[in-house]
Structure formats: C-alpha cells, structure tokens
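Enquirer: 3D, please:
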Amino acid sequence: MESDHGETEGGPAESTQANRQTVVWGAGAMFGMFLWLTLVWVVYAALPRFQKIFDDFGRNTGGLARFCFHYAGLVIPLIGITAASVWGMNRSRGVQALALYYLPMLLIALLVIVVGSEFLQLMNDLS
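Expert: Got it, this is the predicted structure:
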C-alpha cells in the first residue's frame, strides 16, 4: 500500500519518523538526567555549603529550611528511586514527563526558594 508520499508502508518515510522519535526521546532523556544530576548536586554540594554559612553566622533557620538541610539527603534518593520505578513500569508519556522532568524541576525550585529566602534574610540582617 502506498503512503501520501508515494512510498510503500514500512519504507523510508516510516523509518525516518522512527529515527526522529528516537533522537527526540534520547535528547529528552539526557535533559531529564541533567535535571536529576543538578538536583543531586544541589542536595549534596550546595545545601551543606549554605548550612555552613548559616552556622558560621549563628543564624537559626526556619523549619522548612532546617528540614531541607537535615533530611534532603535521605528524601531525594527515595523520591528518585520511586520516580524511576514508576517511570519504568508505566509507559504513559505524561507519567514519564512527570518522573523525568517535572519532579526534579519542582524539587530544585522548592530548594532554591526555601534556602534562597533564608539566605536573603541573612543578607538583609547583615546590611
């Protein structure tokens, strides 16, 4: 059977479409892994540095910031394992996008807002 482009089914047009989808999926997966690695860097490299800054200035942080400092190293791997499990079990594009993109972006934003607000208060108190 011929397609709209005069090629038979399963021919070069479908092969090109499949290759394009594979490239897009691969680029998306790499971006998702970059987001997760950024989240890991924030939790294990940036948060301890901010905690040291607050400790050096003798600043008591709020409850949510204290939770982030003390428990993010435990909670983030559990969330990552759960997201990977859900992503692996469910092939829905919405679930894959949630696990690969939206979840790490949300967690990064939450950490930046919580710790950033505490840091801005510290800078305001110092000026």
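
Enquirer: so the spatially most central residue of the chain is in which element?
Expert: Nearest to the geometric centre of the chain sits Pro104, at 2.1 Å (C-alpha atoms, centre = their mean). For Pro104, the host element (DSSP states H and E) is helix 103-126.

Enquirer: for that helix, packing partners?
Expert: helix 12-41, helix 47-56, helix 63-89 (3 or more C-beta pairs under 8 Å, 6 or more residues apart in numbering; DSSP states H and E). For the C-beta atoms, the positions are set from N, CA and C on the backbone; glycine is no exception.

Enquirer: how far away from the center of its chain is that helix?
Expert: Relative to its chain's centre, helix 103-126 lies at 16 Å (C-alpha atoms, centre = their mean, to the nearest Å).

Enquirer: can you show me the CA trace of it as CSV?
Expert: Coordinates of each C-alpha in helix 103-126 appear next as CSV, following Å, rounded to 0.1, in the frame of the first residue of the first chain:
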residue,chain,number,x,y,z
LEU,A,103,9.6,16.2,39.6
PRO,A,104,13.2,17.3,39.6
MET,A,105,12.4,20.8,38.4
LEU,A,106,9.8,21.1,41.2
LEU,A,107,12.2,19.9,43.8
ILE,A,108,15.1,22.2,42.6
ALA,A,109,12.7,25.1,42.7
LEU,A,110,11.5,24.3,46.2
LEU,A,111,15.0,24.0,47.5
VAL,A,112,16.1,27.3,45.8
ILE,A,113,13.1,29.1,47.2
VAL,A,114,13.4,27.8,50.7
VAL,A,115,17.2,28.2,51.1
GLY,A,116,17.3,31.3,49.0
SER,A,117,14.7,33.1,51.1
GLU,A,118,16.7,32.2,54.3
PHE,A,119,19.9,33.4,52.6
LEU,A,120,18.2,36.7,51.5
GLN,A,121,17.1,37.2,55.1
LEU,A,122,20.6,36.7,56.3
MET,A,123,22.0,39.2,53.8
ASN,A,124,19.3,41.7,54.8
ASP,A,125,20.2,41.2,58.5
LEU,A,126,23.9,41.8,57.7
